[in-house]
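Novice: okay, structure incoming, though there's no sequence with it:
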Ligand code: HEM
Ligand code: HEM
């Protein structure tokens, strides 16, 4: 049956590594601990008892103040560990590609505008300008919950007294942090409703994104462009097996990847 398998040869998609294992683990730990903090934080409000969710068999623990509080502490510990590692790791390696840059707000509007209209986007670095802004927003919100959360832990220790003002403001700002984190996550996930952004999902799952995608959208990411070019040059597939440049996704008049990569 060798003829048959040659005829059904599927085009090979050439990929490059975008997200290291370390980044993926940190993202997974931050995402899962934040999710846990939201669920257990709501338990202390006490959301689940009030709305009878804690009456559902298997979910009664959500109505226990003690259980949700200790789980909240556990998730807080995981989150703070991941955040500390993340900051030290990138500071020591001097990797600051995700920090916002001057003009990011204006450029985000241009990128999002082009994406919504289905036009060609201006080339980006490793991260799109709106990703850098999203990072700053989520980092600020998480930072706020950590600082105010630590103060709330302190106020919870019997015998350690804090002023009424401190009590009041740590609670208000912790709730504000919760609200901002929640809105940030909704916006973050909503970004994947747009088809071009879905190409990034693989990067957070297994680390890889398409080489063509990198050349087209992240033409100002030097390391990525180099990796993509070598990966595409190194592959010698038969004519029929060559990856098809996504011309149909590119508006008329725009040559695909080679053109943007050269900029
Ligand atoms: C199932 C849920 C999630 C999925 C599928 C997801 C997926 C992704 C992807 C694909 C990226 C882009 C990475 C790249 O540019 O290569 C990303 C980045 C990021 N994620 Fe998530 N994520 C999720 C949940 C979360 C949560 C809960 C948080 C924080 C609380 C979070 C925080 C971030 C941050 C700060 C970035 C960098 C900025 C950005 O790209 O917007 N993610 N995520
Ligand atoms: C994404 C991160 C976080 C979210 C979304 C979150 C959310 C919440 C929510 C919704 C509450 C209930 C507020 C209320 O009863 O009015 C709460 C309470 C609390 N959180 Fe967090 N939290 C986060 C991180 C943290 C961290 C990092 C710590 C500790 C370092 C912490 C410590 C506490 C404490 C001590 C309480 C009060 C428990 C009580 O005495 O009733 N939280 N959190």
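Specialist: In hand now; what should we look at? These figures come from a predicted structure and were not determined experimentally. Residues are numbered from 1 along each chain as shown. Ligands and ions are numbered 1, 2, ... in the order given.
Novice: how far does stretch 137-150 sit from the chain's center?
Specialist: When C-alpha coordinates are averaged (C-alpha atoms, centre = their mean, to the nearest Å), stretch 137-150 and its chain have centres 16 Å apart.
Novice: also stretch 70-79?
Specialist: For stretch 70-79, the distance to the chain centre is 20 Å (C-alpha atoms, centre = their mean).
Novice: now that stretch: buried residues?
Specialist: Residues of stretch 70-79 classed as buried: 71, 72, 75, 76, 78, 79 (neighbour count, 16 or more other C-beta atoms under 10 Å). C-beta: built from backbone N, CA, C; applies to glycine.
Novice: closest to ligand 2 out of those?
Specialist: Closest to ligand 2 out of the buried residues of stretch 70-79 is residue 76 (3.5 Å), distances taken as C-beta to the nearest ligand atom.
Novice: check which helix or strand covers that closest one.
Specialist: helix 65-92 (DSSP states H and E).
Novice: average pLDDT across that helix?
Specialist: Averaging pLDDT along helix 65-92 yields 98.
Novice: residues contacting whichever residue of the stretch 101-250 of the chain sits closest to ligand 2?
Specialist: Closest to ligand 2 within the stretch 101-250 of the chain is residue 149: 2.3 Å, counting by C-beta to the nearest ligand atom. Counting by C-beta atoms under 8 Å, 6 or more residues apart in numbering, residue 149 touches 76, 174, 177.
Novice: Validate this expectation: it resides in a helix.
Specialist: Yes. Counting by DSSP: H, G, I helix; E, B strand; the rest coil, residue 149 is part of a helix.
Novice: tell me the pLDDT at it?
Specialist: With respect to pLDDT, residue 149 scores 97.
Novice: now swap in residue 138 and tell me
Specialist: 98.
Novice: just the helices from the stretch 1-150 of the chain, written as ranges.
Specialist: Here the stretch 1-150 of the chain has its helices, by DSSP state H, counting those that start in this stretch, at 2-7, 21-43, 47-50, 65-92, 104-117, 129-156.
Novice: out of these, flag the one nearest residue 191.
Specialist: Judged by C-beta to C-beta, the one of these that comes nearest to residue 191 is helix 129-156, at 7.5 Å.
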